[in-house]
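Undergrad: Fold the following, please.
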Amino acid sequence: MSLMQKVSGMAIEKMPKVISPKGHAIADYVMAAGAFTAAALFFKSGHKIAGIGALVAGVGELTNPLITNFPGGVWDVISFPTHGRVDVGLTSMVASIPRMMKLDGGMESKFFYMHAAAATTVVALTDFGSDGAQQRVAEAAK
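TA: This is a model prediction of the structure:
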């Protein structure tokens with residue numbers, strides 16, 4: 001694990017957990033919509049590689065909440081804590097898209113970095129594992 005990962009992990013642990021499972025679901029769907037919108041705009045402006053990257057990001061952002069057992073989920077495939085771990089992986093993937101797809105560092109790259117930063121913030125502020133989070137998921141499912 002790199003020093004940067006350790007430092008960011010410590011910072012995330014210290015942040016208050018103020019986003020409920022329902023709020024997290026809403027944020028996930030908004031993030032997915034943003035990625036799909038960016039994909040359409042990138043394709044329209046001729047940036048096909050960035051469009052493909054945004055499309056991949058959107059599919060990941062949409063699939064994760066759809067298969068999670070929480071308010072806003074459709075299929076009960078994974079738990080909410082597992083959803084959080086998948087979110088961390090998705091965020092890392094989104095942040096690496098500009099480098100993987102050799103984007104030039106322009107506005108397209110900035111979109112992916114901002115998207116990853118926003119997703120990281122949502123993950124950092126979400127309570128994935130406490131009894132309170134599990135209780136809110138159970139109450140919302142009633």
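Undergrad: Quick check: which element contains the spatially closest residue to T68 that is not a sequence neighbour?
TA: Nearest non-adjacent residue to T68, counting by Cβ to Cβ, 6 or more residues apart in numbering: H83, 4.2 Å away. Just so you know, the C-beta spots here come from the backbone N, C-alpha and C atoms, and that holds for glycine as well. In this assignment (DSSP states H and E), H83 forms part of helix 80-100.
Undergrad: Show me what that helix is packed against.
TA: If contacts are counted by 3 or more Cβ pairs under 8 Å, 6 or more residues apart in numbering; DSSP states H and E, helix 80-100 sits against helix 48-66, helix 107-125, helix 131-141.
Undergrad: For the residue most central in space within the chain, list the residues it contacts.
TA: Taking Cα atoms, centre = their mean, the centroid of the chain lies closest to A119, which sits 4.3 Å from it. Contact analysis of A119 by Cβ atoms under 8 Å, 6 or more residues apart in numbering lists M31, E61, D87, L90, T91, V94.
Undergrad: returning to what we had before: residues contacting the helix holding H83 from elsewhere in the structure, which ones?
TA: Helix 80-100 is contacted from outside by 21, 28, 53, 56-57, 60-61, 64-65, 68-70, 78, 103, 105, 108-109, 112-113, 115-116, 119-120, 122-123, 126, 128-129, 133-134, 137, using Cβ under 8 Å, 6+ apart.
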